[in-house]
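[1] Return atomic coordinates for the entry below.
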Amino acid sequence: MQNITITNSNRFSFVCPVFNTETEFRACNTLRTKVYRGEHPDVRKGCQVCMSAGKCPVAHVVGDFAFRKGEERHGDDFASVTPKKGKITARVLERIAAVMIFDSALTQSGCSASERKLIETANDRILQQLESAPNKAPSKSRVYVSSDTKTVARGGTTVKAKPKTSDISSAAASGDMSAAINQGS
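    Next comes the predicted model:
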């Protein structure tokens, strides 16, 4: 028996934490299927990069179903036969927050400048959604760095990151690499 989550009958929608837009799960799943088949259509290039890199929440949910863990982990969290707006679970948000997408992947994909900017700033939106995400509370062991790199969130607690000083540059310029390394830590 196939779960409704991964069928075209699914009318569950959510706000994508990467692109900050409401989308239906089934639309993302259809694109994911094409990407995984190697088709790479000329639409949603940013989504395709995120799917390939593991930054797409739908790719994680569908992957769990493919390995028969989906029903145990998600149940019907992402399924509805009638239009229903919901939220991505904390467990999925934690998984995608830890993913970094290389600049070279963004360049090769041909995604637009606006998609690129949204991907680069996605962790701020992911952390915001984590605050009200259903199910499991965020793990205390994960560390997320916001796009401004001034704060680091640890499972809901925000701490100031160590500011980079010009002493690092001056130590490196003078050739004293051990001082530069010690300044950076």
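
[2] any weak-confidence spans in the protein?
    For the chain, the stretches with pLDDT under 70 are 1-2, 68-75, 136-185.

[3] Ala98: neighbouring residues, count only.
    14 (other C-beta atoms under 10 Å). Quick note: C-beta positions are derived from backbone N, CA and C, even for glycine.

[4] brain fart, Glu22
    10.

[5] check contacts around it.
    Applying C-beta atoms under 8 Å, 6 or more residues apart in numbering, we find Glu22 in contact with 13-16, 85.

[6] cool, and Phe14?
    Taking C-beta under 8 Å, 6+ apart, one finds 22-23, 25, 57, 78, 85-88 in contact with Phe14.

[7] Can you flag which of the contacts of Glu22 belong to helices?
    When those are checked against helices (DSSP state H), there are no matches.

[8] Is it possible to mark the buried ones in these?
    Among these, those buried by neighbour count (16 or more other C-beta atoms under 10 Å) are 13-14, 16.

[9] Tell me which entries of the residues you listed lie within strands.
    The strands, defined by DSSP state E, take in 13-14 from these.

[10] now the buried ones among the contacts of Glu22 in JSON lines, with distance to Leu106?
    As requested, the buried ones among the contacts of Glu22 are exported to JSON lines (distance: C-beta to C-beta, whole Å):
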{"residue": "Ser13", "distance to Leu106": "26"}
{"residue": "Phe14", "distance to Leu106": "23"}
{"residue": "Cys16", "distance to Leu106": "17"}
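
[11] Need the distance between the two termini of stretch 108-127.
    27 Å (C-alpha to C-alpha, to the nearest Å).
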